[in-house]
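J.: Sequence and predicted structure are below.
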Amino acid sequence: MDLDVFVTAHRTEWDRLEHLLHRGRRLTGTEADELVALYQRTATHLSLIQSSAPDPMLTARLTQLVARARSTVTGTRRATWRDATRFLTAGFPAAVYRSRHWWIPTAVLSTLLAALMGWWIGTHPEVQAAIAAPEDLRRMTSPGGEYETYYSSHPAASFAAQVWTNNAQAAAMCLVLGAFLCLPVIWILFVNVLNLAVGIGLMSSAGRLDTFLGLVLPHGLLELTAVFVAAGTGLRLGWTVIDPGPQTRRSALAQQGRAAIGMAIGLALVLFVSGVIEGFVTPSGLPTWARIAIGVAAELAFLAYVYILGGRAARAGEAGDLDATERSAELPAAA
C-alpha cells in the first residue's frame, strides 16, 4: 500500500471526523449519522495502516481519533454487577475450559515429575544430605517438626492472607511472563514442583509421607490446580508468539493477553479459597480424613464449575475476551 496516496485520499475524512468530535453534543441528526460512518471508516483505515504500512505518527493520530469517536458513539461505559456476574458465570470458566488442552497436560506432567523426584530424593540418602544437614532434616521431618508447625506458625487469618498473596503473585507471573517464549513459566513451574518433591522425598524417607499428604492435600489440590491453570495459560500465550495461527501475531497476542488478564482475576479468587482452607482447615484439629474431604470437595466443585458452566459458555461462543464492542476495531490482514 502506498501510504502517501492513502493519506491523500482519506485525510479529508479524518479532518472532518475531528471537526465533528470538537462540536460534541451540538451535532444535528445528520451530522451524528455522519460521525458514526466516519468513525467506522477511520477504524478500518487504522487497521489497514497497522497491518500493511505502519507509521508511528499516523497510527498515533488515528488511534486517538478512533478512541475519541468510539467514546462519543458508544458513551462512557462503567462496569456493573452484571459484568461481574457474567465474568464469574461465563467469561472466566469458559477461558479455563478453553485452555484445558494446555493446563491438563501441564498438571499431569508436573504431578508425575514431582512424584518421580520425590521418590529419587526419598531413596537416595546422598541427595538428602545435599539438601540439608542430618540434624536439620530431623528437625524438619520429626513429629512436631517444621513441616507440621509451618501451617500453625502464624494466626490463621494472617497466614491465609500471606499464602493467598504469594500464590496469586506466582499465578500472575505465569500468566504475564508467558509471552517471553514460555521459559519463565517453565522455571516458575519447576520451582513449585521441586518444593513439592522435596517435601515428599524427605517425609517419605522419615516414614511420615501420610502425615505430609494429610497436611498438603486439603489446600494443595485446589492450589496446585490454580497454578497449573496459570502455567498452562502462560505456556499457551508464549506459544502464540511462536505460532499465532490464522490471525496476525498482534491480534492473536491481544486476544490471548486480554483473556489472561481475566484469568489472573479469576484465579486470584480461586487461590483465595485455597488460602482460606490452608489457613483455617489444614492446621485445624479435624481428623485427617475430614480435612482431605474438604480439599477434595473444593477441587471437585472447581472442576464442575469449569466443565459445566465453562463448557456451556464456551460452546455458546464465550472465550473470556472483551465484548466485540470494547475491542479495538481491526480487519484480518493478509499473510
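T.: Ah, there it is. Numbering: from 1, shown residues only.

J.: can you list the residues that contact the helix or strand that contains Leu189?
T.: Under the criterion of DSSP states H and E, Leu189 resides in helix 183-205. Applying C-beta atoms under 8 Å, 6 or more residues apart in numbering, the set of residues contacting helix 183-205 from outside is 106, 110, 113-123, 125, 127-128, 131, 137, 140-141, 147, 170, 173-174, 177-178, 209, 211-212, 216, 224, 227, 231, 234-235, 238. Quick note: C-beta positions are derived from backbone N, CA and C, even for glycine.

J.: CA-only coordinates of it, as PDB, when you get a sec.
T.: These are the backbone C-alpha positions of helix 183-205, laid out as PDB (Å, rounded to 0.1, in the frame of the first residue of the first chain):
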ATOM      1  CA  LEU A 183      10.700 -20.000  29.500                       C
ATOM      2  CA  PRO A 184       9.900 -18.000  32.700                       C
ATOM      3  CA  VAL A 185       6.700 -20.100  33.100                       C
ATOM      4  CA  ILE A 186       8.600 -23.300  32.900                       C
ATOM      5  CA  TRP A 187      11.100 -22.100  35.600                       C
ATOM      6  CA  ILE A 188       8.300 -21.000  38.000                       C
ATOM      7  CA  LEU A 189       6.500 -24.300  37.500                       C
ATOM      8  CA  PHE A 190       9.700 -26.300  38.100                       C
ATOM      9  CA  VAL A 191      10.400 -24.400  41.300                       C
ATOM     10  CA  ASN A 192       6.900 -25.300  42.600                       C
ATOM     11  CA  VAL A 193       7.300 -28.900  41.600                       C
ATOM     12  CA  LEU A 194      10.800 -29.100  43.200                       C
ATOM     13  CA  ASN A 195       9.500 -27.800  46.500                       C
ATOM     14  CA  LEU A 196       6.700 -30.400  46.500                       C
ATOM     15  CA  ALA A 197       9.100 -33.100  45.600                       C
ATOM     16  CA  VAL A 198      11.500 -32.200  48.400                       C
ATOM     17  CA  GLY A 199       8.700 -32.500  50.900                       C
ATOM     18  CA  ILE A 200       7.500 -35.800  49.500                       C
ATOM     19  CA  GLY A 201      11.000 -37.200  49.500                       C
ATOM     20  CA  LEU A 202      12.100 -36.100  52.900                       C
ATOM     21  CA  MET A 203       8.900 -37.000  54.700                       C
ATOM     22  CA  SER A 204       8.700 -40.400  52.900                       C
ATOM     23  CA  SER A 205      12.300 -41.200  54.000                       C
END
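
J.: From the chain's centroid, how far away is the helix or strand that it is followed by?
T.: The helix or strand immediately downstream of helix 183-205 is helix 209-242, counting by DSSP H and E. Centroid separation for helix 209-242 versus its chain: 12 Å, with C-alpha atoms, centre = their mean, to the nearest Å.
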